[in-house]
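>>> give me a 3D structure for the following:
(one chain, ligands or ions: 1)
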Amino acid sequence: MINVAFVCLGNICRSPMAELIFTQMVKDRELTSSFRITSFGTSDCEEGNPIYPPAKKTLIMHGIPGNHTARHISLKEIINNDYLLVMDSSNLFDMLRLTGGKFGEKIIKLRSFTPNPHDVADPWYTRDFEKAYRDIYEGCECFLEYLLKEKSQMFDYDKRH
Ligand code: 4NP
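As a prediction, this is how the structure comes out:
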């Protein structure tokens, strides 16, 4: 089982988009049983709220269903996840501040798996939900390719048990 958590600030725009995009991508490859996929915010400012409507609309336009309720990241989740994929440098800074600098090896910017590793700009401020979707989609695709190429033993472990 590969435990993946996507992380942004509020957990109502980018990280739930990433959770639902990656969930669909993994399903399309018949890899669902190999993953536990969730998402969180570094802040509790939106805790309990649903996906922000323009983000949800963008997902639906791309044929990606699903819901999410915003949750604040906890130390337990930081410990239990193999990958904590943040959207931007500010999320990375906030996560390392929360952990006191620990677990740095698994707190990674999502787009660092792509050939063009820029931050995923926050559509809460840019209002460009389509660009956020494309940036997140490419990040998820490249992350999955990385796992399949470089971490195949994580999948083999599932097959043995
Ligand atoms: P997210 O976007 O981090 O992608 O979920 C935001 C959501 C809410 C706020 C900021 C960013 N806010 O300031 O409430």
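>>> switch to C-alpha atoms for all contacts and neighbour counts from now on
Noted.
>>> close to the ligand, is stretch 71-84?
No - contact of stretch 71-84 with the ligand is not found when judged by Cα under 6 Å from any ligand atom; the minimum separation is 10.4 Å.
>>> what residues does that stretch touch?
For stretch 71-84, contacts defined as Cα atoms under 8 Å, 6 or more residues apart in numbering pick out 2-7, 11, 39-44, 46-48, 99, 103, 106-108.
>>> got the end-to-end distance for it?
For stretch 71-84, the first-to-last residue distance is 14 Å (Cα to Cα, to the nearest Å).
>>> which strands and helices sit next to the host helix or strand of Pro54?
Secondary structure from DSSP states H and E places Pro54 in helix 53-61. Helix 53-61 sits against helix 14-28, helix 129-150, with contacts defined as 3 or more Cα pairs under 8 Å, 6 or more residues apart in numbering; DSSP states H and E.
>>> of the contacts of stretch 71-84, which are in range of the ligand?
By Cα under 6 Å from any ligand atom, the members of the contacts of stretch 71-84 lying near the ligand are Asn11.
>>> among the contacts of stretch 71-84, name the buried ones.
Taking 16 or more other Cα atoms under 10 Å as the criterion, what is buried in those is 2, 4-7, 11, 39-43, 46-47, 107-108.
>>> what's the closest of the residues you listed to the ligand?
Asn11 (4.0 Å; Cα to the nearest ligand atom).
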